[in-house]
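*Asks:* pasted the sequence and its predicted model underneath.
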Amino acid sequence: MPATPISERGYANPGLLAETGWLAEHLNDPDVRLIDTRSAQLYEAGHIPGAVNLAAVGGIPRAENGDMGTPEAFSALAQALGVSANSTVVVYDAPGAQMGMAAWAFEYYGHQHVQILDGGFAKWTAEGRATSTAPGSYPSGSFEAQLVEELFCSLDHAQSVHGSPNTIFWDVRRREEYEGTEPVNNSRPGHIPGAVHLEWTELLDPETRTFKPAAELRSLLSSRGITPESEVNCY
């Protein structure tokens, strides 16, 4: 069954998502910057034509303690990806968690026009659309980062609001990571005390891999106590 069009799903901000059909028509637009957030190996095996690979230029910059990198470091990354202030940035994965992280990072560093490709590379290929193994490239961009502080939950902020009414810590990892049975790359198993669990994959339709309609998402989130009135901190 084909996915319901984004405009018919009832989202408050449908502009955060891009349709595969729209992207196919705008691949060669001079202001569109398509960023593949998969591994370099998957990118080299085949990607959407013209896309540049985030991993190939080092990925989202991070500090030694795991915190977000400096605005200067992100500016250099964005410029290497061809991004300027007027660019429409479209990010995609298979889909996977990195697409959300990349889109959030662009917003945190002050980019005004960023979208996630709904359904990602899986939907693109399922529709029989063209792929390429030729590396994509764009002219160097001129983006200069300006932090949007309210989008970021620092460790200090997390500690100051932990346990406060209407403050939610949302753990989006796999159930095994949340429960500490498979800590993966985490030095300590388990989760932040009191955090609710809802794996990010549950937000997607299992067949089309597109985001579920707004009504389904609201029901799913509210079942975990995640409501519009809450301060929601995700990790």
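*Replies:* Here it is on my side, so go on. Numbers count the residues shown, from 1 in each chain.
*Asks:* how's this protein carved up into domains?
*Replies:* What automatic domain parsing lists as the domains of the chain is 6-149, 153-234.
*Asks:* please identify the most buried of those domains.
*Replies:* Stretch with highest mean neighbour count among the domains of the chain: domain 6-149 (a mean of 17; mean count of other CB atoms under 10 Å). Yep, even glycine has a C-beta here, placed from its N, CA and C like the rest.
*Asks:* start to end distance for that domain?
*Replies:* One end of domain 6-149 to the other measures 29 Å (CA to CA, to the nearest Å).
*Asks:* packing partners of the lengthiest helix in the chain?
*Replies:* Counting by DSSP state H, the longest helix found in the chain is helix 97-108. Counting contacts by 3 or more CB pairs under 8 Å, 6 or more residues apart in numbering; DSSP states H and E, helix 97-108 is packed against strand 88-92, strand 114-117.
*Asks:* will you turn those into TSV that also has distance to Ala214 and mean pLDDT?
*Replies:* Formatted as TSV, the helices and strands packed on helix 97-108 follow (distance: least, CB to CB, whole Å; pLDDT from 0 to 100):
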stretch	distance to Ala214	mean pLDDT
strand 88-92	21	98
strand 114-117	15	98
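*Asks:* sorry, back to before: distance between the longest helix of the chain and the chain's centre?
*Replies:* How far helix 97-108 lies from its chain's middle: 4 Å, per CA atoms, centre = their mean, to the nearest Å.
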